[in-house]
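1. got a sequence here, can you build the structure:
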Amino acid sequence: MSFLTSIRHRAAARRRRIVLPETSDSRTINAAAKLQRDGLVDPVLLGAEKDIRPAIAAVGGDAAHIEIIDPAQDARRGHFLDLLVELRSHRWLAPRDAAEALKDPLIYAALLVRTGVVDGCVAGAARSTADVLRAALWCVGPAEGIRTISSSFYMVVPPFRGTESEVLTFTDAGVVPEPTAEQLADIAVAAVHARTAIVGDEARVAFLSYSTKGSAEGASVSRVREALEIFRQRLPEVPADGELQADAALIEAIGSRKAPGSAVAGSANVLVFPGLDAANIAYKLVQRLAKADAIGPILQGLAKPLSDLSRGASIEDIVNVACITALL
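-> Reported below is the predicted structural model:
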């Protein structure tokens, strides 16, 4: 069974309620109909019923039974207004400004997640990552023990160290431009927790650099070494090493030569990049040159699941991310 097929089977078994707020986008409507038809998740759509039900029917969905929440008519709106003022009290958000913010479907959807009305949210097909992150930070917030919200791409790569395709975690390729050592450790911790839920195997963490075990020096090398030590203090049971070059992290023959005795050299499946530049470039190169499936970016480190999409996302991308969100 392929990774994507496995995700869909596992999501269907859990049957979570996932809100899709971008109902003016045809991809979202098509994805919601597919999720409903295939029994993968129970999609919850935001907007006016008079607009959404005909749109769902037009793409083959069960318009009579799909759940729709119209924020303008929702009985929870008053409670959400008070909650948003409370959540943003440190920023002195006035009730008038909170009422304006509630008109944003992303904010409303994030409050539905926070209060447990739905199990998760998927957005970003029509809105920027910054917009999705703002809703997540305002309304959901970080998980206990995590201060840095970040993301991972799950790269389904062709066989390169065996006969089967593999799933590699690339983190962080979407959120934090120049992470500190503490942030790198936070990113790695969140990536391990997310991989456990999504992939279900043992995480083996490599903190990547242009240096392997002292072969070079520099500020970023020192930062990666410090991040590894912080990570080991927080998750001592998880195999991790650094600093490692990418080939040493991934290829056993090279890892045994460059980092003999390493717990993860040659077998890493969680690759922690030293910065956003490197991670973003790497995932796109692997996607295009190795013809890997790049699933994400999946936000991690949040108290409850709220997932971002690329604005170039296809209908299948939205379906896949909704299924992943159901597993978090």
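
2. what's the local residue count around the closest residue to residue 328 other than its chain neighbours?
-> Spatial nearest neighbour of residue 328, chain neighbours left out: residue 305 (4.0 Å); criterion: CB to CB, 6 or more residues apart in numbering. C-beta here means a position set from N, CA and C on the backbone, and glycine is covered the same way. Per other CB atoms under 10 Å, the neighbour tally for residue 305 reads 25.

3. need the pLDDT of residue 305.
-> Looking at residue 305, its pLDDT is 95.

4. now do the least confident helix or strand in the chain by mean pLDDT: distance to the chain's middle.
-> Sorted by mean pLDDT, DSSP states H and E, the helices and strands of the chain end with helix 95-101, the least confident at a mean of 78. Per CA atoms, centre = their mean, to the nearest Å, the displacement of helix 95-101 from the mean C-alpha position of its chain is 28 Å.

5. helix or strand next in line after it, which one?
-> Moving toward the C-terminus from helix 95-101, the next helix or strand (DSSP states H and E) is helix 105-114.

6. what's that following helix packed up against?
-> Packed against helix 105-114 by the contact rule (3 or more CB pairs under 8 Å, 6 or more residues apart in numbering; DSSP states H and E) you find strand 17-20, strand 42-46, helix 77-87, strand 120-123, helix 129-139.

7. make TSV from the ones you listed and add mean pLDDT, distance to residue 185 and mean neighbour count to it.
-> Formatted as TSV, the helices and strands packed on helix 105-114 follow (pLDDT from 0 to 100; distance: least, CB to CB, whole Å; neighbours: other CB atoms under 10 Å):
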stretch	mean pLDDT	distance to residue 185	mean neighbour count
strand 17-20	98	30	24
strand 42-46	97	35	24
helix 77-87	89	27	16
strand 120-123	97	26	30
helix 129-139	93	20	20
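
8. show me where pLDDT drops low in this structure?
-> In the predicted model of the chain, residues 91 satisfy pLDDT under 70.

9. need the helices for it, in chain order.
-> Secondary structure of the chain, counting by DSSP state H: helices at 3-14, 26-37, 49-58, 77-87, 95-101, 105-114, 129-139, 181-198, 219-234, 246-250, 252-258, 276-289, 315-327.

10. from residue 82, how far off is the residue nearest to residue 267 when sequence neighbours are not counted?
-> Spatially, and ignoring its direct neighbours in sequence, residue 267 is nearest to residue 204 (5.5 Å; CB to CB, 6+ apart). According to CB to CB, to the nearest Å, residue 204 and residue 82 sit 46 Å apart.

11. swap in residue 323?
-> From residue 323 across to residue 82, the span is 34 Å (CB to CB).

12. so residue 111 touches residue 83, yeah?
-> Yes - with contact defined as CB atoms under 8 Å, residue 111 reaches residue 83; the gap is 6.4 Å.

13. centre-most residue in this protein?
-> residue 298 (1.4 Å; CA atoms, centre = their mean).

14. how about the contacts made by that one?
-> Contact analysis of residue 298 by CB atoms under 8 Å, 6 or more residues apart in numbering lists 151-154, 194, 198, 307-308, 321, 324-325, 328.

15. change it to 7 Å
-> Contact partners of residue 298, counting by CB atoms under 7 Å, 6 or more residues apart in numbering, are 151-152, 154, 194, 307, 321, 324.

16. by neighbours, which of those residues wins?
-> Comparing the contacts of residue 298 on neighbour count, residue 152 comes out first with 30 neighbours (neighbours: other CB under 10 Å).

17. tell me the contacts of that residue?
-> 169-171, 191, 194, 296-298, 300.

18. kindly recompute the last result at 8 Å.
-> Residue 152 neighbours (CB under 8 Å, 6+ apart): 169-173, 191, 194-195, 296-298, 300.

19. and if you look at residue 18?
-> Applying CB under 8 Å, 6+ apart, the residues contacting residue 18 are 35, 41-44, 118-122, 322, 325-326.

20. turn these into a markdown table, including distance to residue 231.
-> Listed next are the contacts of residue 18 as a markdown table, based on distance: CB to CB, whole Å:
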| residue | distance to residue 231 |
| --- | --- |
| 35 | 36 |
| 41 | 32 |
| 42 | 37 |
| 43 | 36 |
| 44 | 36 |
| 118 | 32 |
| 119 | 29 |
| 120 | 26 |
| 121 | 28 |
| 122 | 29 |
| 322 | 30 |
| 325 | 25 |
| 326 | 28 |
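
21. please name the nearest non-neighbouring residue to residue 232.
-> Excluding the flanking residues, the one nearest residue 232 by CB to CB, 6+ apart is residue 240, at 6.2 Å.

22. what of residue 23?
-> Nearest non-adjacent residue to residue 23, counting by CB to CB, 6+ apart: residue 47, 4.3 Å away.

23. any idea how far residue 174 is from the one you found?
-> For residue 47, the distance to residue 174 - CB to CB - is 27 Å.

24. which one's more surrounded, these two?
-> Neighbours were counted for residue 47 and for residue 174 using other CB under 10 Å; residue 174 has more, 22 against 19.
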